[in-house]
Structure formats: C-alpha cells, structure tokens
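1. What follows is a protein structure lacking sequence information:
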Ligand code: NCD
C-alpha cells in the first residue's frame with residue numbers, strides 16, 4: 001500500500017496488517033522510536049484540526065521522522081496568493097518524503113495523488129472522506145469487542161457531510177455480518193452512494209425514523225457533529241440527536257459510545273464518566289494506528305524491508 005486516499009480501496013488484509021503493527025506499537029512504543037529517522041513528513045492542512053494534525057505529528061515524531069507543517073494553509077500558505085493545490089504538492093514533495101493533506105475539496109486527495117511523487121495520506125477531504133479516522137474507529141471497535149465481524153453499529157448525526165462516518169462505513173463493510181442503523185434529521189441522511197455501497201458489500205443498512213428505533217442492544221453508537229460549516233440551511237432540528245445520561249440509559253451495558261470529536265454539544269458531559277463512553281480512548285488510538293499506517297506505507301513505498309511476510313495476515 002503506497003497511499004491512503006480513500007477507505008474504498010484498502011483490503012481487509014492490509015487493514016489487519018496495519019492493526020497488527022498498531023497492536024505491537026501499543027505493546028512497545030520504544031521499538032519504533034528510530035524506525036523512520038532521517039525522513040521528513042509534511043502535514044499540509046487547509047482546514048482546522050486538533051486531533052488529526054497533532055496525532056499525525058506526534059506519530060511522525062514517535063517514529064523518529066521529522067515533521068514540517070502548514071496549519072491553516074488556506075490563509076497562511078501560497079493558496080492565499082492563488083497557487084493551485086497541484087502546484088503546492090509539486091513543491092512540498094521536493095521538501096518531504098510523504099504528504100499528509102487535509103483540504104476542503106472532496107476530490108483534493110485524488111488531485112494531490114495525480115501529481116505526487118511521494119506517498120499521500122488523506123487527512124480529511126471536505127464533506128467526502130476521512131479514512132484515517134475510519135482506521136482508528138474500526139481499531140477501537142476491534143479493541144472493545146475483540147473482533148469486528150458480526151458488529152451492529154448505529155451512526156447518527158450528520159450522515160450527509162460527516163466524512164468520518166463515510167470512511168468508517170466503508171471500512172466496516174470489509175467485515176462479515178455487519179448491521180448499520182442510520183439516524184439523522186431530514187436533510188442530513190446518508191447519501192444514496194453510501195447506501196448502495198453498503199448494499200453491494202452485503203452490509204444490512206436500516207434507516208431509523210426516530211432515535212427510539214435504534215435497538216437497545218446495539219454494539220456501538222457512532223455519534224457525529226453536524227458539519228455546520230458545510231451546510232447552508234442552518235435551521236435543522238437537531239435536538240433529538242443530542243445524547244445524554246437520560247436517553248442513553250435505554251441502551252445495554254455493552255453498548256459503547258463512539259464519537260470522532262469534537263462533540264460540541266452532541267454528547268452531554270454527564271456521559272463522560274459512563275464506562276460505555278469510549279470516545280476519548282478512541283481519539284488516543286489515533287497514535288498507534290497512524291504510526292502503523294505511516295510505517296506500513298513507508299515500508300512499501302521506499303522498500304524498507306522492515307515488514308516481513310510472516311507478519312502479514314492475508
Ligand atoms: C472530524 C473531522 O474533522 O472530520 N474530526 C476529526 O478529525 N476527528 C469530525 C468533525 O469535524 O466533526
């Protein structure tokens with residue numbers, strides 16, 4: 001695997017390889033401290049970020065590589081002067097061995113890839129995809145359930161523009177026996193493209209008309225923020241989608257609550273102490289999974305020969 005542009009192209013074998021490395025990193029971080037020393041990785045962010053950029057930069061440094069970074073590239077970099085994304089990539093690839101890109105255009109990662117001579121990782125492409133968030137989401141599901149096959153998950157909130165939900169759904173569809181419940185307000189439903197994708201992958205998708213239609217024994221609830229910055233009609237009735245101690249009480253003891261964060265006001269803080277709330281651990285899984293992904297791509301792209309066939313699962 002030489003890039004990570006979309007959650008649509010990765011195979012289950014590649015995903016499991018990355019998780020095997022992530023498990024190893026979790027067991028012994030020190031082992032990887034100098035793994036990529038001498039390399040330089042660029043983080044090029046045109047949209048705001050806390051978790052994604054900082055966990056990528058922390059991962060890069062924990063692998064011994066150096067990081068060069070443009071935060072708020074839309075305002076602070078040459079884009080402001082009218083430089084195209086393609087030209088910026090042509091330049092930055094001369095300064096780095098990998099580019100991690102967050103951009104407001106849904107096609108940005110493909111556009112970057114079309115001119116890039118170094119590996120590209122998509123760290124969020126407009127209202128499209130966020131494949132590395134999906135990577136850590138599924139890793140967290142695997143960690144808490146011990147397996148991903150047979151998982152039931154309810155996705156709620158902004159299913160139209162919620163790029164994390166899109167990538168998570170694409171990745172979970174690599175597993176068998178998956179059931180997805182979708183719950184959102186009118187106007188923010190899951191686009192047909194994703195419904196068709198899930199159907200083609202034999203994932204059962206059930207649209208819920210009301211919050212109470214979500215079964216109380218569902219394995220995971222994946223709550224998301226309404227992407228107000230991408231929505232013109234700001235007058236959406238979203239009160240019904242806020243989770244709190246009271247409405248979460250109807251779910252079973254083994255229903256875990258996920259959120260890519262920021263939660264803004266979609267999960268009340270009275271749920272933070274609930275042992276089923278795992279969104280902070282989920283965010284922290286950004287480190288082993290992103291370290292593993294970078295390491296895995298470097299191994300393949302630069303022929304490092306550090307991941308051997310016996311480590312592969314498929
Ligand atoms: C998300 C994003 O930027 O897409 N955050 C993240 O990366 N963890 C979710 C969001 O902004 O709502």
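-> Received, thanks. This structure is a prediction, so every number in the text was calculated from the model and none was measured.

2. Alongside the ligand, which residues does the stretch 1-150 of the chain contribute?
-> Within the stretch 1-150 of the chain, the positions near the ligand by Cβ under 6 Å from any ligand atom are 51-52, 124, 130, 133. All C-beta spots, glycine's among them, are computed from the backbone N, C-alpha and C.

3. Quick one, which of the residues you listed are buried?
-> Neighbour-count burial (16 or more other Cβ atoms under 10 Å) is assigned, among these, to 51-52, 124, 130, 133.

4. Include pLDDT and secondary structure when you put these into TSV, please.
-> Output for those, formatted as TSV (pLDDT from 0 to 100; DSSP: H, G, I helix; E, B strand; the rest coil):
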residue	pLDDT	secondary structure
51	94	helix
52	95	helix
124	98	strand
130	98	coil
133	98	helix
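
5. Now render those residues as JSON lines, adding distance to residue 156.
-> Formatted as JSON lines, these follow (distance: Cβ to Cβ, whole Å):
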{"residue": "51", "distance to residue 156": "20"}
{"residue": "52", "distance to residue 156": "21"}
{"residue": "124", "distance to residue 156": "20"}
{"residue": "130", "distance to residue 156": "17"}
{"residue": "133", "distance to residue 156": "16"}
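
6. can I assume residue 127 is in contact with residue 227?
-> Yes. Between residue 127 and residue 227 there is a contact at 6.4 Å, judged by Cβ atoms under 8 Å.

7. list residues touching both of the two?
-> 161-162 (Cβ atoms under 8 Å, 6 or more residues apart in numbering).

8. middle-most residue in this protein, spatially?
-> Geometric centre of the chain, nearest residue: residue 133, 1.2 Å, by Cα atoms, centre = their mean.

9. Residue 208 - how many residues pack around it?
-> 16 (other Cβ atoms under 10 Å).

10. is it true that it touches residue 180?
-> No. Residue 208 is not in contact with residue 180 according to Cβ under 8 Å; the separation is 10.4 Å.

11. Give me the common contacts of the two.
-> residue 154.

12. just to revisit the earlier point, which one among the residues of the stretch 1-150 of the chain next to the ligand gets closest to residue 24?
-> Among these, residue 133 lies closest to residue 24 (Cβ to Cβ), at 21.5 Å.

13. from memory the closest one sits against residue 52, does it?
-> Yes. At 7.1 Å, residue 133 counts as touching residue 52 under the criterion of Cβ under 8 Å.

14. sorry, back to before: and residue 127 and residue 227? which has more neighbours close in?
-> Counted by other Cβ under 10 Å, residue 127 and residue 227 do not tie: residue 127 has more neighbours, with 20 against 17.

15. Can you tell me the SS state at that one?
-> coil (DSSP: H, G, I helix; E, B strand; the rest coil).

16. Show the contacting residues for the residue lying closest to residue 271 once chain neighbours are set aside.
-> Of all residues beyond its chain neighbours, the one nearest residue 271 is residue 277 (5.1 Å), with distances taken as Cβ to Cβ, 6 or more residues apart in numbering. Residues in contact with residue 277 (Cβ under 8 Å, 6+ apart) are 256-257, 267, 271.

17. Report the helix or strand with the lowest average pLDDT across the chain.
-> Within the chain, no helix or strand scores below helix 73-76, which has a mean of 78 by mean pLDDT, DSSP states H and E.

18. which residues are contacting it?
-> 44-47, 70, 79-80, 88, 104.

19. contacts for the helix or strand just after that helix?
-> Note on helix 73-76: by DSSP states H and E, the next helix or strand toward the C-terminus is helix 85-92. Defining contact as Cβ under 8 Å, 6+ apart, one finds that helix 85-92 is touched by 42, 44, 73, 77-79, 99, 101, 103, 105, 108, 111-112, 114-116, 120.

20. Can you say which of these are buried?
-> Looks like those have 42, 44, 73, 77, 79, 99, 101, 103, 108, 111-112, 116, 120 buried, using 16+ other Cβ under 10 Å.

21. Please, which helix or strand holds residue 53?
-> Using DSSP H and E, residue 53 falls in helix 51-62.

22. should've said residue 216
-> Counting by DSSP H and E, residue 216 is found in no helix or strand.

23. isn't it right next to residue 251, touching?
-> Yes. Using Cβ under 8 Å as the test, residue 216 is close enough to residue 251 to be in contact (5.3 Å).

24. Between these two, point out the one with more neighbours.
-> residue 251 (20 against 10).

25. any idea how far the more buried one lies from residue 179?
-> 15 Å (Cβ to Cβ, to the nearest Å).

26. Surely residue 118 and residue 96 touch.
-> Yes. Distance between residue 118 and residue 96: 6.4 Å, which falls inside the contact criterion (Cβ under 8 Å).

27. All set now, cheers.
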